[in-house]
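# Quick one: sequence and predicted model below, then my questions.
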Amino acid sequence: MIREVKGHLTLLGNSKASYANQREYSVIEIGGQVLQNISISTKLDIFLSRALRWDGQCVLYLVNDIIFALTTPDGKTYCDPEDGYISYVLMGLVGAFVVLGGLALFEKDSAATGLFALSLGGLIMWAAYGTIKKTRTYNSFIESLKLKSGAIEIK
């Protein structure tokens, strides 16, 4: 799931704003590999741009097509952790629908409403599972980076 790409950073292609506080590069060339349509937070983008001007090996840490940490040629590691806010919101929604559904099941003439609420809670949980898992993976990997290499968390 987490991919490390190492090598000399030789090219940053055109970039554009993609999501809130995100940039998307059309192409990044590092260590002879060409990565396409890669996103990075604007906070980390500054360090990526600086790494292009330096001579030496760079390491990009990616999940899917998103750079969430990088090590510059001077050996410093910078990371932008996922805050997990969306995970808590989604879990709160699941909990609310399960509780409401459970209560409605025991009310007279509202079993259908209860089943609907429970089904909706299950659907949200199914949809949220990937986001929750990704956030936990990011954060545990970033914690290990901080312990291993003294990564600097960019907030």
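Thanks, I have the structure now. Numbers count the residues shown, from 1 in each chain.
# Now do the helices in the chain.
Along the chain, counting by DSSP state H, helices occupy 42-52, 85-105, 111-149.
# Could you give the average pLDDT over the second one?
When you say that, I think you mean helix 85-105. Helix 85-105 shows a mean pLDDT of 68.
# Could you list the domains of the protein?
Per the record, the chain has its domains at 2-79, 81-150, by automatic domain parsing.
# May I ask you to name the longest strand in the chain?
Criterion DSSP state E: the longest strand present in the chain is strand 2-12.
# how about the residue lying closest to Leu70 once chain neighbours are set aside, what does it touch?
Distance criterion Cβ to Cβ, 6 or more residues apart in numbering; nearest residue to Leu70, sequence neighbours excluded, is Leu60 at 5.2 Å. Yep, even glycine has a C-beta here, placed from its N, CA and C like the rest. By Cβ atoms under 8 Å, 6 or more residues apart in numbering, the residues touching Leu60 are Glu4, Val5, Lys6, Ile28, Ile30, Leu35, Leu48, Ile67, Ala69, Leu70.
# ok, and the helix or strand in this protein with the lowest average confidence?
Sorted by mean pLDDT, DSSP states H and E, the helices and strands of the chain end with strand 152-153, the least confident at a mean of 65.
# Which of the contacts of Leu60 are buried, as a ChimeraX select command?
Listed next is the ChimeraX selection for buried residues among the contacts of Leu60, using 16 or more other Cβ atoms under 10 Å:
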select :5,28,30,35,48,67,69,70
